[in-house]
Each structure stands twice: as structure tokens, then as C-alpha cells.
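Visitor: with the sequence up front, the predicted model follows.
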Amino acid sequence: MNIPAYKKIKRSLPKSVRLIAVSKTKPVSDIAILYQEGQRIFGENKAIELRDKADLLPKDIQWHFIGHLQTNKIKYIAPFVALIHSIDSFELLQEVNKYGIKNNRVIPCLLQFYIANEESKFGFTLAQCEEMLQQPLFHELKNIEIVGVMGMATFTDDRELIASEFQSLTNIFNYLKKHYFKEDPSFKELSMGMSDDYPIAIAHGSTMVRIGSAIFGERG
């Protein structure tokens with residue numbers, strides 16, 4: 001846990017950018033320390049781990065799910081999750097909507113796009129996303145709310161490549177805003193940037209950065 005690094009990162013962020021402290025694999029005690037420093041948004045990538053931590057920590061924490069979400073795990077986080085960053089298929093969105101109905105709430109979601117040159121990443125292409133947004137079934141989903149997009153750049157030292165990938169996600173966001181969400185003020189989030197590349201993401205319009213190792217230290 002590096003509190004000076006956390007404070008430095010917080011000071012460096014524009015007011016328009018929110019920090020998601022990525023606490024995956026880290027103990028509740030570490031999260032509690034950061035909570036005492038005023039941090040209220042935490043990101044987890046395992047549904048059951050997120051649920052268990054939420055049970056033990058203050059209820060005003062906003063929990064963001066940032067990992068690849070399996071449909072059989074949605075039930076663990078649906079009652080309280082503040083934002084799901086990683087919607088990468090229509091089938092997953094339909095399942096989240098189903099659990100939104102069961103929990104009598106509208107669940108905020110981001111559409112994840114595939115922008116990296118790595119096969120390990122998940123996400124929509126723009127064509128796949130448009131196909132989903134144009135079908136009538138999508139408009140029947142009343143218990144989800146699409147509030148923006150998310151993407152992960154290639155893990156590389158090539159800063160120009162990272163910048164071009166982030167710019168491609170910004171272009172996707174702007175295109176979707178213009179053609180599909182023009183009248184929707186809640187569609188405003190651009191989640192991109194992690195510990196190694198968040199300054200580049202911010203330069204390209206990020207509204208949320210997901211930072212873990214720079215704050216909590218490397219994961220074992």
C-alpha cells in the first residue's frame with residue numbers, strides 16, 4: 001500500500017476524471033486504509049470476492065466490476081454493484097437486465113470494446129455493437145443503463161500505439177454518442193487507462209482511470 005503515491009495520483013487527476021482504485025486480490029484491511037483517505041470507488045474483477053468484501057466494508061463504497069463477467073456470477077453483484085465496466089456481448093447484457101429486474105433496480109453498464117493488439121482481451125467491435133443497438137430486443141431492456149464505453153490498450157512500452165488505441169476508443173464513444181445516445185445525458189463515461197498508461201488515457205478523454213498496482217503494490 002502506497003498512500004503517498006495514491007495522494008499524488010489523486011492530485012494529478014483533472015476534476016473530470018474519477019479514480020477507480022483496483023483492489024482485486026488485496027485484503028479488506030488495505031481497502032479500509034484507502035477508505036480512511038477518502039477513496040470511495042473500488043474495482044474488483046471476481047464477483048464472489050467483490051460480494052464478500054462489500055459485506056465487510058462501509059456501505060457508501062461504490063463497487064465497480066471491471067473483469068470479464070460470467071453470466072452465472074451476475075447474481076452475486078446485481079443487488080448493489082455501482083457500475084459494470086465489462087459488457088462484451090448482448091447475451092451478457094440480457095442476463096444483467098434479468099437480474100436488474102429481480103433486484104428491482106437499473107444496473108449501470110459500460111460497453112467494452114476490443115481496441116488492443118492482444119488476443120487475450122475481450123470486447124465488441126463497432127460493427128457488433130451497432131448490430132446490437134439496432135435490434136428491437138435491445139430497447140426492451142429496461143433494467144440496464146448504458147452509460148459509456150470501456151477498453152484496454154495493448155500492454156506495451158510503445159506509447160504511440162497506446163495513444164492510437166485510446167484515440168480509437170474515444171472515436172467510438174463519440175460516434176455512439178452522436179448516432180445512438182444523443183438524447184441520453186447519462187451516456188458520458190469513457191473508462192480507459194491503468195497504472196502504466198493512465199496519463200495517456202486522460203489526454204485522450206478518459207473520464208475514469210482504473211489504477212491498482214501503482215497504489216496497492218504489485219500482485220503476488
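Guide: Thanks, I have the structure now.
Visitor: mind listing what the closest residue in space to Gln135 that isn't next to it in sequence touches?
Guide: Counting by C-beta to C-beta, 6 or more residues apart in numbering, Phe90 is the residue found nearest to Gln135 once chain neighbours are left out, at 7.9 Å. Where you see a C-beta, it was placed from the backbone N, CA and C, and this is true even at glycine. Residues in contact with Phe90, defined by C-beta atoms under 8 Å, 6 or more residues apart in numbering, are 132, 135, 137-138.
Visitor: give me the most central residue, the chain.
Guide: His85 (3.0 Å; C-alpha atoms, centre = their mean).
Visitor: looks to me like that one is in a strand.
Guide: Yes - the assignment for His85 is a strand, going by DSSP: H, G, I helix; E, B strand; the rest coil.
Visitor: what sits against it?
Guide: 43, 64-66, 110, 112, 150, 191, 210.
Visitor: then Phe80?
Guide: 54, 63.
Visitor: what do you get for Phe166?
Guide: So Phe166 contacts 115, 151, 153, 192-193, 197, 200-201, 203-206 (C-beta under 8 Å, 6+ apart).
Visitor: distance of the residue of the chain positioned farthest from its centre relative to Ser186?
Guide: Distance from the C-alpha centroid of the chain, by C-alpha atoms, centre = their mean, peaks at Pro136 (25.8 Å). Look at Pro136 and Ser186: by C-beta to C-beta, to the nearest Å, they are 21 Å apart.
Visitor: now do the buried residues in stretch 128-145.
Guide: 128-129, 132-133, 138, 141, 143-144 (16 or more other C-beta atoms under 10 Å).
Visitor: ok, stretch 169-187 next?
Guide: So for stretch 169-187, counting by 16+ other C-beta under 10 Å, buried means 169-170, 172-173, 176-177, 180-181, 187.
Visitor: and which of those is nearest Arg51?
Guide: Using C-beta to C-beta, Phe187 comes nearest to Arg51 of those, at 27.7 Å.
Visitor: how about the closest one, nearest residue that isn't a chain neighbour?
Guide: Closest to Phe187 by C-beta to C-beta, 6+ apart is Phe181, at 3.6 Å.
Visitor: was I right about that neighbour contacting Glu189?
Guide: No - contact criterion C-beta atoms under 8 Å: Phe181 and Glu189 do not qualify, at 11.1 Å.
Visitor: which residues does Trp63 contact?
Guide: 42-44, 50, 53-54, 77, 80-82.
Visitor: so which of the contacts of Phe166 belong to strands?
Guide: Gly151 (DSSP state E).
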